[in-house]
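A.B. asks: Could you look at this predicted model? Sequence included:
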Amino acid sequence: MTTTTKPAAPATAAAPARRPGALALRQGRLEITQFLRSRESVVFTMGFPIIMIMIFAAIFRDEIAPGVGYTQYFITGMIATGLMTVSFQNLGIWIPIERDRGVLKRYRGTPMPKWVWFAGKVILVVAIGVAETALLLAVSVALFDLNLPDTAARWLTFGWVSVLGVTACTLCGIAISSLARTARSGSAVVTPVALVLQFISGVFFVFTNLPGWMQQVAALFPLKWMCQGLRAVFLPDSFGAHEPGGSFELGRVALVLALWCVIGLVLCLTTFRWTTRRDG
């Protein structure tokens, strides 16, 4: 009596090809879970833009241009700030904490590819950024009669401005995390930079009402261009004449944000550290 042995299932050969993506998704779920367990981070990241728009909408009720109320203008800055907070500010503060606690050092010592850790951070930023933006838009529509984009072209602009902006801010957040010597100094390094950029980039005030030198400084950084690109989405085309360049300059917005993606990537590759300076 003979017995036959079944051949190994061919699916095992295909498993390794799926493994990198599965690792990245698992790391992303881990990052999101850790973020949600930090109530302070959740409340600040998700609630800050909503609280600010409620305060400013209650204070400023006048139109800043024919048919353009302050809330409609302010929402663009709050979306951009929210995306910067979840990427640049959040990563710039939390990565030094993980480095100081030895978490990054242990990651580097595991067989897991290093890119998986970065992919997890990207998944975290995208997931929280989408949720925060959706919540902000829902509140603004319900409470402040926000006019959502009414054409596919505007939604497309909303998409690429957000993607380029988040990419640039994420890379810059990873890069600036190397400036913090300890876990405690991460917030001291990143928060002042984020606040200054918000004040000079047309988030809280109409950009053209700011001093000329302040506008020139803001134009060197991505937040100003994120706000300008989003104004092209939520404000009427006629408002482009009120911009410094006489239009929304979407081509320049794309160019500057793409350039910052390259700058951020170069800075990440040249400055990122897995260990603290005291570890050598």
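C.D. replies: Sure thing, it's come through. Treat the numbers as computed from the prediction; the structure is a model and nothing was measured. Numbers count the residues shown, from 1 in each chain.
A.B. asks: Sketch out the helices for the stretch 151-280 of the chain, chain order is fine.
C.D. replies: Applying DSSP state H, counting those that start in this stretch to the stretch 151-280 of the chain gives helices spanning 152-176, 185-200, 212-218, 222-234, 250-271.
A.B. asks: Tell me the helices and strands packed up against the third one.
C.D. replies: Which is helix 212-218. Helix 212-218 sits against helix 185-200, with contacts defined as 3 or more CB pairs under 8 Å, 6 or more residues apart in numbering; DSSP states H and E. C-beta here means a position set from N, CA and C on the backbone, and glycine is covered the same way.
A.B. asks: Out of the helices of the stretch 151-280 of the chain, which gets the lowest mean score?
C.D. replies: Per-stretch mean pLDDT for the helices of the stretch 151-280 of the chain is lowest at helix 185-200 (a mean of 90).
A.B. asks: got the angle between it and helix 222-234?
C.D. replies: If you take axes from the mean of the first three to the mean of the last three CA atoms, to 10 degrees, helix 185-200 sits at 50 degrees to helix 222-234.
A.B. asks: Go ahead and confirm Leu30 touches Gly120.
C.D. replies: Yes - using CB atoms under 8 Å, Leu30 is in contact with Gly120, at 6.5 Å.
A.B. asks: The two: which has the busier surroundings?
C.D. replies: Remark: of Leu30 and Gly120, Gly120 carries more neighbours, 22 against 13, as counted by other CB atoms under 10 Å.
A.B. asks: what about Ala134, neighbour count?
C.D. replies: Quick note: Ala134 (other CB under 10 Å) scores 10 neighbours.
A.B. asks: any idea which helix or strand carries it?
C.D. replies: Using DSSP states H and E, Ala134 sits within helix 114-144.
A.B. asks: Specify the angle between that helix and helix 222-234 in degrees.
C.D. replies: With the same axes, to 10 degrees as the basis, helix 114-144 and helix 222-234 are set at 50 degrees to each other.
A.B. asks: Can you name every helix or strand that helix 114-144 contacts?
C.D. replies: For helix 114-144, the packing partners by 3+ CB pairs under 8 Å, 6+ apart come out as helix 11-37, helix 39-59, helix 70-84, helix 90-100, helix 103-108, helix 152-176.
A.B. asks: right, and the ones you listed - which one's nearest Thr276?
C.D. replies: For these, the distance to Thr276 is smallest for helix 90-100, at 5.8 Å, taking CB to CB.
A.B. asks: what's in contact with the closest one?
C.D. replies: By CB atoms under 8 Å, 6 or more residues apart in numbering, the list of residues contacting helix 90-100 from outside reads 41, 45, 104-105, 121, 125, 128, 170, 173-174, 176-177, 180, 182-183, 185-187, 189-191, 273-276.
A.B. asks: Dihedrals phi and psi, Met112?
C.D. replies: Phi and psi for Met112, reported as degrees, to the nearest 10, are phi -60, psi 130.
A.B. asks: tell me which residues of stretch 95-108 are tucked away?
C.D. replies: Within stretch 95-108, the residues that count as buried by 16 or more other CB atoms under 10 Å are Ile95, Pro96, Ile97, Glu98, Arg99, Asp100, Leu104, Tyr107.
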